[in-house]
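Student: Here is my input; please provide its structure:
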Amino acid sequence: MTMGGTILENMSSRKLLIFCGVMVAVQVISFIIGGAVAPAPTSAFTHLATNCIDRSDGTVWFEPRGTNKCEKLEDWSDAEQQGLHEDDFVFSIMTPHPPYKHSRWFQYILGVLDITIVYHPDIPYVDESTLTLNVSMAYKNEGDQEWTEFARGVTHRVLYCQLNHEMLPANIGREYDCELLPFVELGSCYYDYYLINIRLPTSDTDGVELNRDIGRVTEINIVEIIQNGGFSLVWFVIKTVFFPCVLVFVIWYWRRISAEKRTPHLLELLTMILGCIMLVLDFPIDWISLYVNVPFMLLLTDLRQGLFYVTLLTYWTIFVGEHQMEEVSRNRTMRTYWRQIVPVAVGCLALFAFDMCERGVQLNNPFYSIWGSRTGANFALCFIIVAAICAALYFVYLAYMIFKVFRNISSKRGLITYNMSISKKAYYEGMIYRFRFLLGYTAVCAALTITLFIISRINEGGRYYWGEEHLVQVDSAFFTGVYGVWNTYVILILFLYAPSHKRLPITTRDDGAASRLADTVSAAVDEDDSIEVENFRATIEPLTSETQHPSVVFHLASKTSIE
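Tutor: The predicted model follows:
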């Protein structure tokens, strides 16, 4: 009987160095492209709303500029002289700034509300008062004459403002310092121009008073955040390049597994699943958004990203667990690792529920936001912080498990290679060194993944609590670099852990590896350890084709160490 092992164990050092060198070069290029070619991931633009006088029945679109621009209110004192009230004004914003127009490369639009409230004793502001907005949004493309309604609705936000001056007559007109408020989020940027009309109604259809304690609102600014078109282009190209590369390795890996006359093992199946999920993430469906309006693209991207996270974290858990040395033999299945997998699955399901509550609802109502109320904002922020802490704890757990594998292999290394021939000793030590390198690369990949996850989650909620200037600034190189690391890692796993066609004799002949290894151990221990030696000899005897694991490293790791 022969035992093939994996390519990691049997490939010549020269070929292995060439392959790993290519993978390192791909990673370096991924970082360089993000740093030298791609612009910053996002840009922010501030739009000051124009105060328009509404003398219509509320069905007219008010444009801040152009041939159909509205009647503008120059000063609030003019409104008092003309006998105008709060219901007679519309705050109008048109994006983008002239002479530009939106591009479908922008992918999404995120709008943040910046309210300016001034102190006036006759129009007091009450802390944590509810701001009611009657919002209508329209779009048109270059050459269109009329605006087409995009969305309309009434939304509520809670104001958190503070006056940094004493409430004295001398300070009338002083501005409050107000927190930014979430306003709108579009999952696509399909049209050239967008028009937003905002009204602050004083009562609803039932006569209930609205916006009573919000103070005097003099200005409304919308901070528009978009994904830069240049970054989108680089991102699409990277996905388009990686997808066929990973696809080739996935097909090749499965053919290798299928050629084996046995049932695939747990780690082999998980490796195949990881490759398929990487394909799902790499699939360049984003190109469709340049030709078709796909408002759910942002949600779809989050779902694909979350699916990859849960698969990758589960794979690392089982990959490291399969190479522990705590049991002589185990019938390893997914049930064996349920305690480690369940927390990962629960965490990812919670993130899925969070995304559905936020972006899922926004498909029908782009003005909805879970950050709109203090309760929802606190819940969302706590959720993000807990997710970040859990991700950090997972990395600590994974690092500890990797450390245990390193330690156990080191403790067994001397026992296995003791009194071996130089060639045999070089083979096993080289195999162990290669496996250590793969474990170290896994730790680096995990560190980058967890860092990106934590930064992304903190920035998602931080803009509403601390403002854009206090967010963790992430360069494009980090995004493209980590994405390159994911793809090269999956390719490495698919290639190096594929069954090798080279066959190592492990029969009971005089020159068989099993017999030599057992004899070596016999010579390395005392006579009192005869029972342990026999147990060790039994564990390295040739296995049947139904139970044989393809990796020699796995067999070394699964042995019970001899005291």
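Student: now the helices: where do they sit in the stretch 351-500 of the chain?
Tutor: According to DSSP state H, counting those that start in this stretch, the stretch 351-500 of the chain carries its helices in the segments 361-362, 374-417, 422-465, 476-496.
Student: Repeat that for the stretch 51-200 of the chain.
Tutor: Under DSSP H, counting those that start in this stretch, the stretch 51-200 of the chain gives helices at 76-81.
Student: Low-confidence ranges, it, go.
Tutor: Filtered on pLDDT under 70, the stretch 51-200 of the chain yields the residue ranges 57-58, 76-81.
Student: circling back: so which of the helices of the stretch 351-500 of the chain is nearest Y194?
Tutor: The minimum distance between Y194 and the helices of the stretch 351-500 of the chain falls on helix 361-362, with 15.3 Å, by C-beta to C-beta. Any C-beta I mention is one placed from the backbone N, CA and C, and that applies to glycine too.
Student: contacts for the closest one?
Tutor: Counting by C-beta atoms under 8 Å, 6 or more residues apart in numbering, helix 361-362 makes contact with 185, 187, 368-369, all of which sit outside it.
Student: change it to 7 Å
Tutor: Helix 361-362 has contacts (C-beta atoms under 7 Å, 6 or more residues apart in numbering) with 185, 368.
Student: Stretch 264-277 now?
Tutor: Here stretch 264-277 has contacts from 246, 249-250, 253-254, 257, 307-308, 311-312, 315, 318-319, 322, 332-333, 490, 493-494, 497, 549, using C-beta under 7 Å, 6+ apart.
Student: buried stuff in that stretch?
Tutor: Across stretch 264-277, burial judged by 16 or more other C-beta atoms under 10 Å covers 264-268, 270-272, 274-275, 277.
Student: May I ask which two of those are separated the most?
Tutor: Of all pairs in the buried residues of stretch 264-277, the most separated under C-beta to C-beta is H265 and I277 at 18.8 Å.
Student: before we move on, back to that, buried among the contacts of stretch 264-277? Need that as a selection in PyMOL.
Tutor: Listed next is the PyMOL selection for buried residues among these, using 16+ other C-beta under 10 Å:
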select buried, resi 246+249+250+253+254+257+308+311+312+315+318+319+322+332+490+493+494+497+549
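Student: among the contacts of stretch 264-277, which are in helices?
Tutor: Per DSSP state H, helices hold the following members of the contacts of stretch 264-277: 246, 249-250, 253-254, 257, 307-308, 311-312, 315, 318-319, 490, 493-494.
Student: what ranges do the strands span in the stretch 201-350 of the chain?
Tutor: 216-227 (DSSP state E, counting those that start in this stretch).
Student: right, and L351 touches G306 too?
Tutor: Yes - assessed by C-beta atoms under 7 Å, L351 is found in contact with G306 at 5.6 Å.
Student: More neighbours: the two, which one.
Tutor: Neighbour count, other C-beta atoms under 10 Å: between L351 and G306, L351 has more, with 21 against 17.
Student: Pull up the gap between the more buried one and T202, please.
Tutor: Going from L351 to T202 by C-beta to C-beta, to the nearest Å gives 40 Å.
Student: same check, this time on N134
Tutor: Shown here: N134 relative to T202, a distance of 11 Å by C-beta to C-beta.
Student: more neighbours, the two?
Tutor: Between N134 and T202, N134 has the larger neighbour count (other C-beta under 10 Å), namely 18 against 13.
Student: list the contacts for that one?
Tutor: Applying C-beta under 7 Å, 6+ apart to N134 gives the contacts 154, 199, 201.
Student: Apart from its chain neighbours, what residue comes closest to the second one?
Tutor: Take R199 and drop its neighbours on the chain: the residue closest to it by C-beta to C-beta, 6 or more residues apart in numbering is N134, 4.1 Å away.
Student: For the one you found, name its beta-bridge partners.
Tutor: Using DSSP bridges, the bridge partners assigned to N134 are V154, R199.
Student: hmm, back to that, name the stretch from the helices of the stretch 351-500 of the chain that approaches D282 most closely.
Tutor: Nearest of these to D282, taken as C-beta to C-beta: helix 476-496 at 7.0 Å.
Student: how far away is F367 from T59?
Tutor: Taken as C-beta to C-beta, the span from F367 to T59 is 19 Å.
Student: again but with N164, I slipped
Tutor: Per C-beta to C-beta, N164 is found 41 Å from T59.
Student: Counting neighbours, go ahead and name the busier of these two.
Tutor: Per other C-beta under 10 Å, whichever of N164 and T59 has more neighbours is N164, with 9 against 6.
Student: Not including adjacent chain positions, what is the nearest residue to that one?
Tutor: Leaving aside its sequence neighbours, N164 sits nearest to D177 (C-beta to C-beta, 6+ apart; 6.0 Å).
Student: repeat for V444
Tutor: V485 (7.7 Å).
Student: Contacts only, for the one you found.
Tutor: Residues in contact with V485 (C-beta under 7 Å, 6+ apart) are 27, 445, 448.
Student: my guess is the second one meets Y489, correct?
Tutor: Yes - counting by C-beta under 7 Å, C445 sits close enough to Y489 to count as a contact (4.8 Å).
Student: Neighbour count for the two, which is higher?
Tutor: The residue with more neighbours, out of C445 and Y489, is Y489; 23 against 19, by other C-beta under 10 Å.
Student: Tell me, what's the model's pLDDT at the more buried one?
Tutor: Note on Y489: pLDDT of 95.
Student: Surely it and A443 touch.
Tutor: No - in this structure Y489 lies outside contact range of A443 using C-beta under 7 Å: 11.2 Å.
Student: what residue ranges in this structure score low on pLDDT?
Tutor: If you take pLDDT under 70 as the line, the chain has these spans: 1-4, 57-58, 76-81, 325-332, 412-428, 460-474, 501-563.
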